[in-house]
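J.: Test case, fold it:
(one chain, ligands or ions: 2)
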Amino acid sequence: MATKVYIEDLSRHTGESVTLQGWLYNMRSSGKIKFLLLRDGTGICQGVLVKAAVGEELFAMCDQLTQESSFRMTGTVRAEQRAPGGFEMDVTAVEIISVAKEYPITPKEHGVEFLADRRHLWLRSSRQHAIMRVRHEIIRSIREFFDGRGFTLLDAPIFTPAACEGTSTLFETDYFDLGKAYLTQSGQLYGEAGAMALGKVYVFGPTFRAEKSKTRRHLTEFWMVEPEVAFNDLNDNMDLAEDFLVHIVSNVLKNRSAELKALERNIAFLENVKKPLPRITYDEAVNILHSKGLPFEWGNDLGGTDETVISEQFDRPVMVHRYPAEVKAFYMKRDPQNPKVALAVDVLAPEGYGEIIGGSQREDDYDVLLGRIKEHNLPQEAFDWYLDLRRFGSVPHSGFGLGVERTVSWICGLDHVRETIPFPRMIYRITP
Ligand code: 4AD
Ligand code: MG
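T.: Numbers count the residues shown, from 1 in each chain. Ligands and ions are numbered 1, 2, ... in the order given. You can find the predicted model right below:
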């Protein structure tokens, strides 16, 4: 047997005889010649099988290969500009591993529910493959960014005793003799403890929200990365978010251009994502809404449509800061210049994708924070450890959370977050 290689490495093997292992993507056949498209997860390669060269028996055997059958093919690698990926194989041997039953997903159009029910197979399609590769690049870039700046990864628990982002979206479960536990909505509070121990940390993991919203932006289980930095104020926090987004987008443009092309993404929009990102106050955002004729009342949270209208005024992500404190979480510090607003920032992605980052400077005063916990009717015992962070050497500190799926959706230019995660969990879907 020849050396086993992956399709993405074929350029290093031109003129050599090698073996590819994978699944049949498609086969075209005439009386004398067959074209076998093999996909192996790293790419697609066309194998050319000439009857006169390989003999009747092998040529006929290949007729058993149905779509998605697994097999190995061996042959000589040849550069071919017109071929997908730039290489072809002159096949000398084929070994069938498993003949696939009739495959349900065909090149014709399928409905979204049909595909979602077969998500475990749908992932093999070239479009889903491209999205997963972009997702991976985004996650890799996230880690690279923080690791390269001296942050320590801090893993927060998934079972938690209390809410972080308001009680309305908690998933509840029984926890032995200790009563109820809740699936985490955010690792932030633990990240704050980490920042006091390690200076700068990031929490990165799955989070859960019993969102009743059936929108193209909501999942019930999604991944969030949450940096938290001791001594950072709101401006430092916005500087960090800006460098972070520029880093992610430029990496995807550099390393995943083939995938963006496969997704027919207009990359001109992504190429705009450079410093500085515009920063506007909530008040300025409200003025934009009024100037567009929207009847928005000061004090309300920005809804999906409002975010779309605001973000359409800019060619890159826009940071909106200083929201009314009433609509924001209990832990956010109020602006000493104007206690009606919180030192909060949301980053809205362009092209109508809406909020991808939410963050703030945190309340660092013990008495004020205790007052907020009471105002929000939160169980004080469950937050006693959190108050310790203000009892023992409290410092100004800030952080934010970026939703991975919304970021993938924006960068890939998708219609819905359900395609951004291998197995989406939504209000009406828990399978496969
Ligand atoms: O704005 P959120 O609720 O902020 C927090 O959870 C803070 N504790 C973060 C922090 O300061 N450490 O959520 C942050 C981001 C949103 O901007 C959005 O991208 C994403 O998480 N997100 C969702 N993504 C998919 N489905 C949902 N249901 C989401 N809810 C929030
Ligand atoms: Mg938010």
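J.: can you pull the pLDDT of M1?
T.: M1 carries a pLDDT score of 65 in this model.
J.: got it, and the one 3 residues further on?
T.: For K4, the model assigns a pLDDT of 98.
J.: Equivalent analysis for the one 10 residues further on, please.
T.: Turning to T14, the model gives it a pLDDT of 96.
J.: could you pull out the strands for the stretch 151-300 of the chain?
T.: 152-153, 159-160, 172-174, 180-183, 200-208, 221-230, 279-281 (DSSP state E, counting those that start in this stretch).
J.: avg pLDDT for the third one?
T.: What that stands for is strand 172-174. 97.
J.: Now do I158 against T173, distance only.
T.: 10 Å (Cβ to Cβ, to the nearest Å). Bear in mind the C-beta positions are built from the backbone N, C-alpha and C, glycine included.
J.: Which residue of the two possesses the greater neighbour count?
T.: I158 (14 against 10; other Cβ atoms under 10 Å).
J.: Grab the nearest non-local neighbour of the more buried one.
T.: T184 (5.2 Å; Cβ to Cβ, 6 or more residues apart in numbering).
J.: And the one you found, how far from F35?
T.: 50 Å.
J.: between these two, which one's more packed in?
T.: T184 (26 against 16).
J.: Up against ligand 1, what does the stretch 151-300 of the chain have?
T.: By Cβ under 6 Å from any ligand atom, the part of the stretch 151-300 of the chain that sits against ligand 1 consists of 164-165, 186, 188, 209, 211, 218-219, 222, 224, 226.
J.: Helices - which of the residues you listed land there?
T.: Q188 (DSSP state H).
J.: Compile the residues of the stretch 151-300 of the chain next to ligand 1 into CSV and extend it with columns for neighbour count and pLDDT.
T.: CSV is the format used below for those (neighbours: other Cβ atoms under 10 Å; pLDDT from 0 to 100):
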residue, neighbour count, pLDDT
C164, 22, 85
E165, 18, 88
S186, 22, 97
Q188, 26, 98
R209, 21, 97
E211, 16, 86
H218, 20, 94
L219, 25, 97
F222, 21, 98
M224, 23, 98
E226, 25, 98
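J.: could the residues of the stretch 151-300 of the chain next to ligand 1 be laid out in JSON lines, adding distance to L198?
T.: Compiled in JSON lines, those are given as follows (distance: Cβ to Cβ, whole Å):
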{"residue": "C164", "distance to L198": "20"}
{"residue": "E165", "distance to L198": "23"}
{"residue": "S186", "distance to L198": "19"}
{"residue": "Q188", "distance to L198": "15"}
{"residue": "R209", "distance to L198": "27"}
{"residue": "E211", "distance to L198": "31"}
{"residue": "H218", "distance to L198": "32"}
{"residue": "L219", "distance to L198": "30"}
{"residue": "F222", "distance to L198": "25"}
{"residue": "M224", "distance to L198": "19"}
{"residue": "E226", "distance to L198": "14"}
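J.: This protein - how does it break down into domains?
T.: Per automatic domain parsing, the structural domains of the chain span 3-98, 119-155+232-419.
J.: Mind checking the pLDDT average for the longest one?
T.: To tie it back to what came earlier, the one meant is domain 119-155+232-419. Mean predicted lDDT for domain 119-155+232-419 stands at 97.
J.: now it, how far from the chain's geometric center?
T.: 13 Å (Cα atoms, centre = their mean, to the nearest Å).
J.: Ends of that domain, what's the gap?
T.: One end of domain 119-155+232-419 to the other measures 9 Å (Cα to Cα, to the nearest Å).
J.: and if you look at the shortest one?
T.: Domain 3-98 has an end-to-end distance of 21 Å (Cα to Cα).
J.: Which residue is the nearest non-sequential neighbour of T281?
T.: Per Cβ to Cβ, 6+ apart, closest to T281 is R322, 4.9 Å.
J.: ok, that neighbour touching I280?
T.: No: between R322 and I280 there is no contact under Cβ atoms under 8 Å: 9.5 Å.
J.: Comparing the two, which residue is more hemmed in?
T.: R322 (22 against 19).
J.: And that one, how close does it get to ligand 1?
T.: 15 Å (Cβ to the nearest ligand atom, to the nearest Å).
J.: repeat for H290
T.: 24 Å.
J.: How about that residue, nearest residue that isn't a chain neighbour?
T.: F296 (6.7 Å).
J.: what's around the one you found, how many residues?
T.: 18.
J.: One more: G179?
T.: G179 has 8 nearby residues by other Cβ under 10 Å.
J.: Tell me what F35 is bridged to.
T.: In this structure, F35 bridges to R28, V48 when assessed by DSSP bridges.
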